[in-house]
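Chemist: sequence plus predicted model, see below.
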Amino acid sequence: MSDDVAQVGQPRRRGRPARSAAGAEPAARDRILTAARSEFAERGYDKASIRGIAKGAGVDPALVHHYFGTKEQVFAAAIELAFGPTFQVPELIPAGPPEQQGERLARFFFGVWENPVQREPLLAIVRSAVGNEAAAAVFRDLISSKLMVRIAAELNVPDPQLRSELAAAQLVGIALLRYVIKMKPLADVDPEYVIALVSPGVQRLLTGDAPAGDAPAGGTPGHASS
């Protein structure tokens, strides 16, 4: 688990629980985060509770407070864990030719979502954030500080913060329609075709330039394999 995740969970401690508290071992933190993700996914942010999270993890509620503090802090830690792979996106911007930035980001982003192991926790967190303003604020602040600001810092264009947010909005919007709402035909189209179509727009937002190849014209889109 990353140091960042540990830091999110640390700000508030309510006293160290007794040794008899169930699950008072290092693995308990991971079980709590896994249970929190399930609790938020199944019950939504409003109805999720520290007690329910503790029950799902097989620990005492005091241990959840000890590791993470409030429900908001548990949610923030769950977001950071689920979105861990996505936080690597800013490192991709200077990692290759500038004219391929849009394709690199789109390919990495959809690669994360196409992985079933990574997609399920992402879906759980996004569903919770969409339905509650408090959860949305936690989600927004974390994504802004851990992702958008870092992407903007790598861009050598006017209004880098706005451009990075517009690029993210395009990718996230497609992800919502494809993986959450499952709108057809978008949900069934081969991801390579989606990447080819969306990359030029992302490239223009990040650099102001269109990539040399641009999007494919015409043709019949492929379909994603099940």
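Modeler: Looks like it came in fine. Residues are numbered from 1 along each chain as shown.
Chemist: and the residue nearest the centre of the chain?
Modeler: Nearest to the geometric centre of the chain sits residue 83, at 3.4 Å (C-alpha atoms, centre = their mean).
Chemist: what pLDDT does it get?
Modeler: On the pLDDT scale, residue 83 is placed at 73.
Chemist: likewise for residue 52?
Modeler: So residue 52 comes in at 94 (pLDDT).
Chemist: same check, this time on the one 3 residues further on
Modeler: Predicted confidence (pLDDT) for residue 55: 93.
Chemist: check contacts around it.
Modeler: residue 35 (C-beta atoms under 8 Å, 6 or more residues apart in numbering). (Glycine included, C-beta is placed from N, CA and C.)
Chemist: helix or strand: which one has it?
Modeler: helix 50-57 (DSSP states H and E).
Chemist: neighbours of the closest residue to residue 132 other than its chain neighbours, how many?
Modeler: Sequence neighbours aside, residue 45 is the residue nearest to residue 132 in space, at 3.9 Å (criterion: C-beta to C-beta, 6 or more residues apart in numbering). As a burial measure, residue 45 scores 23 neighbours (other C-beta atoms under 10 Å).
Chemist: which helices and strands sit right next to the following helix or strand past the helix holding residue 55?
Modeler: Once the chain leaves helix 50-57, the next helix or strand it forms, by DSSP H and E, is helix 61-68. When contacts are defined as 3 or more C-beta pairs under 8 Å, 6 or more residues apart in numbering; DSSP states H and E, helix 61-68 packs onto helix 3-9, helix 26-47, helix 50-57, helix 71-82.
Chemist: and the angle for helix 61-68 with helix 50-57?
Modeler: On the basis of axes from the mean of the first three to the mean of the last three C-alpha atoms, to 10 degrees, helix 61-68 is oriented at 100 degrees to helix 50-57.
Chemist: mind checking how far helix 61-68 is from the chain centre?
Modeler: 24 Å (C-alpha atoms, centre = their mean, to the nearest Å).
Chemist: and stretch 169-189, by the same measure?
Modeler: Worked out by C-alpha atoms, centre = their mean, stretch 169-189 lies 15 Å from the chain centre.
Chemist: show me what counts as buried in it.
Modeler: Neighbour counts over stretch 169-189 (16 or more other C-beta atoms under 10 Å) mark 170, 171, 174, 175, 178, 179, 189 as buried.
Chemist: what of stretch 158-170?
Modeler: So for stretch 158-170, counting by 16+ other C-beta under 10 Å, buried means 160, 163, 164, 165, 166, 167, 168, 170.
Chemist: quickly note the distance from the second one to residue 104.
Modeler: Computed as C-beta to C-beta, to the nearest Å, the residue 163 to residue 104 distance reads 16 Å.
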